[in-house]
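Peer 1: Below: sequence and its predicted model.
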There are 2 protein chains.
Amino acid sequence: MKYSKKIQSLISKGKIGDEILIESSKGTFFGTLMPRPEIGDKDSLIIKLKNGYNIGIKSKNIRSVKVIKKMEEKKAIREIHFDKSKPNISLFVTGGTIASKIDYDTGAVKALMNPQEILDTIPELSNIVNIADISRPFTKMSEDMEPNDWISLAKGIYKKIENGSKGIIVTHGTDTLHYTSAALSFFLQKPSVPIVLVGAQRSSDRPSTDAHMNLICSAYTSLSDISEVGICMHATMNDDYCYFIRGTKVRKMHTSRRDAFRPINDLPLAKIWPNGKIEKLQDYHKRGGKTILDTKFDNKVALLKTYPGSNPGIMKYLIDKGYHGFVLEGTGLGHVPTNSKNSWIPIIKKSIKDGIPVVVTSQTIYGRVNPNVYTNLRVLYHESKAIPGEDMLSETAYIKLGWVLGHTKDMDKIREMMLTNVSGEINSRSNPKTFLW
Amino acid sequence: MKYSKKIQSLISKGKIGDEILIESSKGTFFGTLMPRPEIGDKDSLIIKLKNGYNIGIKSKNIRSVKVIKKMEEKKAIREIHFDKSKPNISLFVTGGTIASKIDYDTGAVKALMNPQEILDTIPELSNIVNIADISRPFTKMSEDMEPNDWISLAKGIYKKIENGSKGIIVTHGTDTLHYTSAALSFFLQKPSVPIVLVGAQRSSDRPSTDAHMNLICSAYTSLSDISEVGICMHATMNDDYCYFIRGTKVRKMHTSRRDAFRPINDLPLAKIWPNGKIEKLQDYHKRGGKTILDTKFDNKVALLKTYPGSNPGIMKYLIDKGYHGFVLEGTGLGHVPTNSKNSWIPIIKKSIKDGIPVVVTSQTIYGRVNPNVYTNLRVLYHESKAIPGEDMLSETAYIKLGWVLGHTKDMDKIREMMLTNVSGEINSRSNPKTFLW
């Protein structure tokens, strides 16, 4: 796709990727010259501003374009030399924005980066830890992850811990980072060292990137005594500190903000400052002991949302396809349509009678499912024997049910396991401070 | 279900519903004597504390039970006499907790209340408005609502407005209150008077009920010049003030808190104090003009969640069942599994080619779908022609798509309508202050 002739003549001395200054009737703009998008006006010049956003300026409004800085030629990658006297930690690189760069051919962001390239941009890391080895079990944007990826990642991590690694850092895309953190929480219980998952909302070649601070905070977390599976990312809009949040109680709550990862029905485990200061905010599992690897998992589980007009036939369809369990994301205290034309109760009753468990969580996200208050709740939980998801996140309950079904198909045992806290996924008490934290 | 003999002898003088004082080795407890739950220990006495929660105390720990106050016999219902000099408003009663009472036979809450009974408990209302008429289009807990209920409610409201009502109040269950508020926002555009939806998280016979203050604030809102469809409920944990939040930008975010309804990607329209003070927080549609009734709706639309391991076969199943449109609740900036074994791309492409639109929103709840940043996004929005849901809530996008399909099956027109703001559902600019409001 080419720009219009008018734009081409305006940028005659500039190349895609150069930093340019545009004087226009709409004001003065400084940023990186981007290629023309596949869709859009060919007569608008696109630049990426320093805040990471793209804007388009119509040629008729442009008075002049000046090249301020040519795009740097690709540098040879320096290898960081880590200080071997520092504690050994293992790095897992799986893809995602934190391992991505802007592709100047398309203007989009691509998962392309070599692990060394990530480290290259953060020389401070070598003052904190010795990254003794880098594993790359797969390279995927996180929306493409599948349950098998969680299993191979867990097994890889376990091996490194067995071999004496003092901490684990996993770089990962943010879209499904909290699904992976929940999965690793069940697959790697009572970890003997911290397992720190980290992503970035802006790729590391952007001025507004959060990759650097998130990685530095993760390095300090990996050496701490907070020996849990968790996510370490920006706590605020500023570059002040990160939160380390328990893997079963964390959720991506914003499409694009750097502080998108929030604890749900829980406090963060700690605040982590990029200077190494750690402020603990609640109790946690401490470093030591022996990590339990337990990756038995049944992936024939579905997470379905119920709502006015929702079609319970979907459950029937999936049962016919051989599914073994369901998590329904209900409304309010854990309701599903009960006395309506599209009642979910008949298929739920049948499913449970046939040995296929149904767990219900709430799409409110915050709060706890209560199987008692209303008549419709009693129909669902007492008569139909659905399992109330307590204060678990829907995503966590989905993964936990797959993990439970990897161990047993006995309904009483399934119920008992789902209602028993394994890795911090159920808090028996609700802390009112945690709402909208 | 009866309590154990031991409990029965301890409460010999008390009846279910009485207020009792229990002296026990665990402390002294005061509350309402509840029936034995269907499931649970028959040797634990259950009381409902003043904060609305039930606790059970084992008989062996109980030293004495004293009846403090016998349950009041059912009073004859007084009719409130409204002051006819006050502005006429219309009340719609549809069910839900706000119109419920504890059922002392089961201990659960049932939707049983006569509209007069609700008003009877709030005599202050007659100082604010003249409730000229009460309609009861249906009585349902809101988890049982269906799209047709939204339509009949909209038509009923329109008739009252045509007949000169100066404001509308709708009492409604909280589970799907925000689905109804979104539906009414499309069905009743540019309303000439405020249409105020209100619910309660605790039934009005509980000491902690929020029904009274919510109704009083709603009455003031119904007389204000904020002429929008919105939800008026507690803004905080205290009984200080309510928010009136735009119907397309509001969501139940907690299972049980009284301040569960929060604005998403938007500010509340106003703070409403129970003394009638109104503090406006943003621009809104003003009273006057002519309400547009437009209830054309196609209910063959589904809202589906995508996640690691999700099965795109569900979409195929629903297409075979004659569905006309889909909203996919994707991850992050609006991704679906793209390069994975369970990729949703083939079925999305096929669906759109066959004239069945696919809109994508984000399960992060906050933020905006961006069709440009990543390669996978370009595959979904540019190649496959899915429609990005902007900063719309999934629930709102689901209802909007049904409403759009009620008007056209032309793909270009559908896209244009989905991307054009109709009733405040799309904000073109993101306000960072609104995150976790």
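Peer 2: Ah, there it is.
Peer 1: which residue packs closest to the residue of the stretch 151-300 of chain A found nearest chain B, ignoring adjacent ones?
Peer 2: With CB to the nearest CB as the measure, the residue in the stretch 151-300 of chain A that lies nearest chain B is A:Thr255; the distance is 2.9 Å. Just so you know, the C-beta spots here come from the backbone N, C-alpha and C atoms, and that holds for glycine as well. In space, A:Thr255 comes closest to B:Gly367 once its chain neighbours are excluded; the distance is 2.9 Å by CB to CB, 6 or more residues apart in numbering or on different chains.
Peer 1: Correct me if wrong, but A:Tyr243 is in a strand.
Peer 2: Yes. Remark: A:Tyr243 belongs to a strand, assigned using DSSP: H, G, I helix; E, B strand; the rest coil.
Peer 1: list the contacts for it?
Peer 2: Taking CB atoms under 8 Å, 6 or more residues apart in numbering or on different chains as the contact definition, A:Tyr243 lies against A:Cys232, A:Met233, A:His234, A:Ala235, A:Phe261, A:Pro263, A:Pro268, A:Leu269, A:Ala270, A:Lys271, A:Ile272.
Peer 1: does the closest residue to the fifth one other than its chain neighbours sit in a helix, a strand or a coil?
Peer 2: If I follow you right, that is A:Phe261. Counting by CB to CB, 6+ apart, A:Met233 is the residue found nearest to A:Phe261 once chain neighbours are left out, at 4.8 Å. In terms of secondary structure, A:Met233 is strand; the call rests on three-state DSSP.
Peer 1: Tell me how many other residues crowd A:Met233.
Peer 2: The burial metric for A:Met233, expressed as a neighbour count using other CB atoms under 10 Å in any protein chain shown, is 30.
Peer 1: beta partners for it?
Peer 2: Per DSSP bridges, residues listed as beta-bridge partners of A:Met233: A:Tyr243.
Peer 1: what's near enough to touch it?
Peer 2: By CB under 8 Å, 6+ apart, A:Met233 lies in contact with A:174, A:198-201, A:210, A:214, A:242-243, A:258-261.
Peer 1: and with 6 Å instead?
Peer 2: Residues counted as contacts of A:Met233 (CB atoms under 6 Å, 6 or more residues apart in numbering or on different chains) are A:Asn214, A:Cys242, A:Phe261.
Peer 1: Over to A:Lys13?
Peer 2: For A:Lys13, the contact set (CB under 6 Å, 6+ apart) comprises A:Val67.
Peer 1: ok so A:Phe326 is a strand residue?
Peer 2: Yes. Judged by three-state DSSP, A:Phe326 forms part of a strand.
Peer 1: Can you tell me the closest non-neighbouring residue to it?
Peer 2: Nearest one to A:Phe326, counting by CB to CB, 6+ apart, is A:Val358 at 4.9 Å.
Peer 1: Check the gap between the one you found and A:Val327 for me.
Peer 2: Remark: distance between A:Val358 and A:Val327 (CB to CB, to the nearest Å) = 8 Å.
Peer 1: same deal with A:Ile157?
Peer 2: Relative to A:Val327, A:Ile157 is positioned 25 Å away (CB to CB).
Peer 1: residues making contact with stretch A:292-302?
Peer 2: For stretch A:292-302, using CB under 6 Å, 6+ apart, the contacting residues are A:147, A:151, A:154, A:158, A:187, A:189-190, A:318, A:322-326, A:401-403, A:405-407, B:309.
Peer 1: and the two most separated of the contacts of A:Tyr243?
Peer 2: A:His234 and A:Leu269 (15.3 Å; CB to CB).
Peer 1: Which one's more surrounded, these two?
Peer 2: A count of neighbours by other CB under 10 Å puts A:Leu269 above the other of A:His234 and A:Leu269, at 30 against 22.
Peer 1: interface residues of the stretch 201-350 of chain A facing chain B?
Peer 2: With CB under 6 Å from any CB of the partner chain as the criterion, the stretch 201-350 of chain A comes near chain B at residues A:252-256, A:299, A:305, A:308-309, A:314, A:317, A:331-333, A:335, A:337-340.
Peer 1: Mark which of these are part of helices, please.
Peer 2: When those are checked against helices (DSSP state H), the matches are A:Ile314, A:Tyr317.
Peer 1: Whichever of the residues of the stretch 201-350 of chain A next to chain B end up buried, select them in ChimeraX.
Peer 2: Remark: buried members of these, expressed as a ChimeraX selection using 16 or more other CB atoms under 10 Å in any protein chain shown:
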select /A:252,253,254,255,256,299,305,308,309,314,317,331,332,333,335,337,338,340
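Peer 1: Surely the residue nearest to A:Thr255 touches A:His254?
Peer 2: Yes. Applying CB atoms under 6 Å, one finds B:Gly367 in contact with A:His254, separated by 4.3 Å.
Peer 1: Need the phi and psi values for the most centrally placed residue in chain A.
Peer 2: Among the residues of chain A, the smallest C-alpha distance to the mean C-alpha position (CA atoms, centre = their mean) belongs to A:Leu177, namely 2.1 Å. In this entry, A:Leu177 is assigned phi and psi values of phi -60, psi -40 (degrees, to the nearest 10).
Peer 1: From A:Val229, how far off is it?
Peer 2: When CB to CB is applied, the distance between A:Leu177 and A:Val229 equals 12 Å.
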